[in-house]
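[1] give me a model of this one.
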Amino acid sequence: MSIVEIINHDEVIYKILDKPPPEPPKTPRYESQLEKQLKELKIPKLRKTFGYAETPLKPPKNFLKQGDGVGHPIKKSDHKCYVSGKLPPVPKHNASVKKAEKHKINFRVLNIKKAIKEKPKTPEPRLVDTRDGHVKKIKGSGEIPEYCLRKDFGQMPAYLVKRNKRIQKELDKIKYAEEHKESLCKLISEQERQELLNDLKCNWQLLQKAFLQLPMLTDTIPKILRKTKMEQELRQLEKDIALIESNPYIYIYE
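    Below is the predicted model of the structure:
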């Protein structure tokens, strides 16, 4: 490995990167000539300030008098009243207005008659259960039977009666449907029975022919399984044939 030592060099780090291009000059902003003329012709107005340094007080003579305050605005209307000859004359200011006569009622007599007709109030039964004279009402205290003397005591509530009626109606519907439903069992005719028996015998013959065509030597597992399966099917067909031949009446479920 060798080391190179540079002693004299003229490289400047600021000249390595190029300087960015200068930005283009901006176009002058548009200024309206009419605006300048208006500014020259504008009359200077008085400048507004924050107010007086000290608020000047009003003289004592300028106090707020009655009727000088800010009142409610009066609503003006365009309504015009046209007087006709049918209207009654306007009463004078001093004319006395006749008041309607009120019928005098003698409340004393009315109260006496009412008191005579009223029935005396029955005293409420009470009970004194202490020596100090503690009084309590018998009604609602549990001392006398009240609930058992009610008219609806021992009767079934109305909501339970409605519920039982609804349940009973549903049970009646189910019972009626069970009694009048058609039987699922169906007796097959003799012709259908004979056709079924012939089909079973035909299937047995075909299966017996396939069984006899099997090889005599069953040395593999597939051969053994196939033979046993065909034997089971033959036995089942023989049972079905014997069952149909021995029973003349056969019912089926749909």
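[2] the residue nearest the centre of the chain and Arg150, how far apart?
    By C-alpha atoms, centre = their mean, the mean C-alpha position of the chain lies nearest to Tyr159, the distance being 28.0 Å. According to C-beta to C-beta, to the nearest Å, Tyr159 stands 18 Å off from Arg150. In short, each C-beta sits where N, CA and C put it, glycine included.
[3] which is the succeeding secondary structure element to the top helix by length along the chain?
    Longest helix of the chain, by residue count under DSSP state H: helix 221-246. Proceeding N to C from helix 221-246, the next assigned helix or strand is strand 251-253, under DSSP states H and E.
[4] centre of the chain versus that next one, how much separation?
    Distance of strand 251-253 from the chain centroid (C-alpha atoms, centre = their mean, to the nearest Å) equals 54 Å.
[5] ok, now stretch 92-112?
    Using C-alpha atoms, centre = their mean, the offset of stretch 92-112 from its chain centre is 62 Å.
[6] give me the contact list for that stretch.
    By C-beta atoms under 8 Å, 6 or more residues apart in numbering, the residues outside stretch 92-112 that reach it are Pro91.
[7] got the CA positions of it in CSV?
    Extracted C-alpha coordinates of stretch 92-112, given in CSV (Å, rounded to 0.1, in the frame of the first residue of the first chain):
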residue,chain,number,x,y,z
LYS,A,92,-120.2,63.0,26.8
HIS,A,93,-117.4,62.9,29.3
ASN,A,94,-119.6,63.8,32.2
ALA,A,95,-122.5,61.5,31.2
SER,A,96,-123.2,58.8,33.8
VAL,A,97,-123.1,55.3,32.4
LYS,A,98,-126.0,53.1,33.6
LYS,A,99,-124.7,49.9,35.1
ALA,A,100,-126.5,46.6,34.8
GLU,A,101,-128.5,45.8,37.9
LYS,A,102,-127.3,42.8,39.8
HIS,A,103,-129.7,40.4,41.4
LYS,A,104,-129.3,40.3,45.1
ILE,A,105,-128.8,36.8,46.4
ASN,A,106,-129.4,36.0,50.0
PHE,A,107,-126.5,33.6,50.8
ARG,A,108,-127.7,33.0,54.3
VAL,A,109,-130.9,31.4,53.2
LEU,A,110,-129.1,29.4,50.6
ASN,A,111,-126.6,28.1,53.1
ILE,A,112,-129.4,27.2,55.6
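[8] confidence score at Glu35?
    Each residue has a pLDDT score; the one for Glu35 is 86.
[9] name the next helix or strand downstream of the host helix or strand of it, please.
    Secondary structure from DSSP H and E places Glu35 in helix 33-41. The first helix or strand that comes after helix 33-41 along the chain, using DSSP H and E, is helix 107-117.
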